[in-house]
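Asks: take this sequence and fold it.
(4 chains)
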There are 2 protein chains.
Amino acid sequence: MLSKKSQYAFKALEYLTLHYKQGPVLISEISKKKKIPLKFLENILLELKKAGILDSKKGKGGGYFLSKDPAKVKVATIVRLVNGPIAMLPCVSLYFYERCKNCDEKKCGLHDMMIEVRDASLGILENRTLKDLV
Amino acid sequence: MLSKKSQYAFKALEYLTLHYKQGPVLISEISKKKKIPLKFLENILLELKKAGILDSKKGKGGGYFLSKDPAKVKVATIVRLVNGPIAMLPCVSLYFYERCKNCDEKKCGLHDMMIEVRDASLGILENRTLKDLV
DNA sequence: TTTTAAGTCTATCAACTTGGTAGGTTATTG
DNA sequence: CAATAACCTACCAAGTTGATAGACTTAAAA
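Replies: Residues are numbered from 1 along each chain as shown, chains lettered A, B, ... in the order given. Okay, the predicted model is just below:
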């Protein structure tokens, strides 16, 4: 399941997508409109900024805004960034791969099945962008 | 991601599938062969028994065994039982549904997308059984 | 140049979950 | 009745999650 943090992240990104190219948006505004705890939202937006998804301006008239076209930001990217692996097993993850202990990947039935599940999920998440959220 | 508990559960079930209709199997045997901490495995098997997946016999000559044909036990059932929801959002889960707070399901872009992801995953997990694991 | 508005950083916290252990109890079989 | 093996209750350490507090920095406006 997506963590609350991830859900908040998506709500905030949805709001910023809606206001794309309309200048910086206040954290406090997003917090109010999307009912997200202010300080928690601060952390999330900062993380998204550090990852290059958002950009910000300090001081009066400042705020956050998308650093690129929302149609170019994949949902899969956000999930990986904020929530972690999309795959159900580490040994099947593309971006967070870890070898199985005591289990040969070549003859592990679960392994193959979970690759299928991963690909099925990615088929959707890699082909949807922030623009599709609004 | 599947928890370690879930991964252990699948390993144990794989072992029991392999020994289906060959009489009770000792917890300690599964523990050794599959390298699963004994006492942890006890909990897992007991849970599977309470859910009707396994059956057991006490005393000498006892042990655990599958209570039905492994070809009739869906992987999705086990995942839900041991790991929890398959969906990425509570508001999209079939077996663990919870309403979204501050978010109208009818006009939530994430909601619709996550339904797609759920169905893509279920398309696989609901159509694979323990038999497919070995 | 001071004030004020904003994001940024550090740190802390309670509650919960995860992975695992310990030890005693009950049921079965020989 | 003795041995065996599942069952039950309780507990614990470590990590994660969701959230808050407060001080610091930057930039625009008065």
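Asks: which residues does the nearest residue in space to residue A:91 that is not next to it in sequence contact?
Replies: Distance criterion CB to CB, 6 or more residues apart in numbering or on different chains; nearest residue to residue A:91, sequence neighbours excluded, is residue A:100 at 4.3 Å. Any C-beta I mention is one placed from the backbone N, CA and C, and that applies to glycine too. Applying CB atoms under 8 Å, 6 or more residues apart in numbering or on different chains to residue A:100 gives the contacts A:89-91, A:108, A:111.
Asks: export those residues to a markdown table and append columns for neighbour count, pLDDT and secondary structure.
Replies: As requested, those are exported to a markdown table (neighbours: other CB atoms under 10 Å in any protein chain shown; pLDDT from 0 to 100; DSSP: H, G, I helix; E, B strand; the rest coil):
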| residue | neighbour count | pLDDT | secondary structure |
| --- | --- | --- | --- |
| A:89 | 25 | 96 | coil |
| A:90 | 17 | 95 | helix |
| A:91 | 18 | 94 | helix |
| A:108 | 19 | 85 | coil |
| A:111 | 17 | 94 | helix |
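Asks: which two from those end up farthest apart in space?
Replies: A:90 and A:108 (12.4 Å; CB to CB).
Asks: I'd like to know how far the residue of chain A most remote from its centre sits from residue B:134.
Replies: Most distant from the centre of chain A: residue A:107, at 32.8 Å, with distances by CA atoms, centre = their mean. According to CB to CB, to the nearest Å, residue A:107 stands 10 Å off from residue B:134.
Asks: tell me the helices in chain A, going along the chain?
Replies: A:4-18, A:27-34, A:38-50, A:75-78, A:109-125 (DSSP state H).
Asks: tabulate these in a markdown table, adding columns for distance to DNA strand D.
Replies: Below are those laid out as a markdown table (distance: least, CB to the nearest atom of the strand, whole Å):
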| stretch | distance to DNA strand D |
| --- | --- |
| helix A:4-18 | 3 |
| helix A:27-34 | 9 |
| helix A:38-50 | 3 |
| helix A:75-78 | 14 |
| helix A:109-125 | 18 |
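Asks: closest one to chain B among the ones you listed?
Replies: helix A:109-125 (3.8 Å; CB to the nearest CB).
Asks: please name the spatially closest residue to residue A:12 (chain neighbours excluded).
Replies: Residue A:12 sits nearest to residue A:30 (CB to CB, 6+ apart), 5.2 Å away.
Asks: actually residue A:33, not the one I typed
Replies: Computed as CB to CB, 6+ apart, the closest residue to residue A:33 that is not its neighbour in sequence is residue A:15, at 6.2 Å.
Asks: just give me the residue closest to the centre of chain A.
Replies: Short answer for chain A (CA atoms, centre = their mean): residue A:78, at 1.8 Å.
Asks: residues contacting it?
Replies: A:6, A:9-10, A:13, A:53, A:130.
Asks: hmm, 10 Å instead?
Replies: Residue A:78 makes contacts with A:6, A:9-10, A:13, A:48, A:51, A:53, A:125, A:129-130, A:133, as judged by CB atoms under 10 Å, 6 or more residues apart in numbering or on different chains.
Asks: which among those residues gets closest to residue B:83?
Replies: residue A:6 (17.9 Å).
Asks: how about the residues of chain A by DNA strand C?
Replies: Remark: the part of chain A in contact with DNA strand C comprises A:24-28, A:39, A:42-43, A:45-46, A:49-50, A:56-64, using CB under 7 Å from any atom of the strand.
Asks: perfect, I'm done here.
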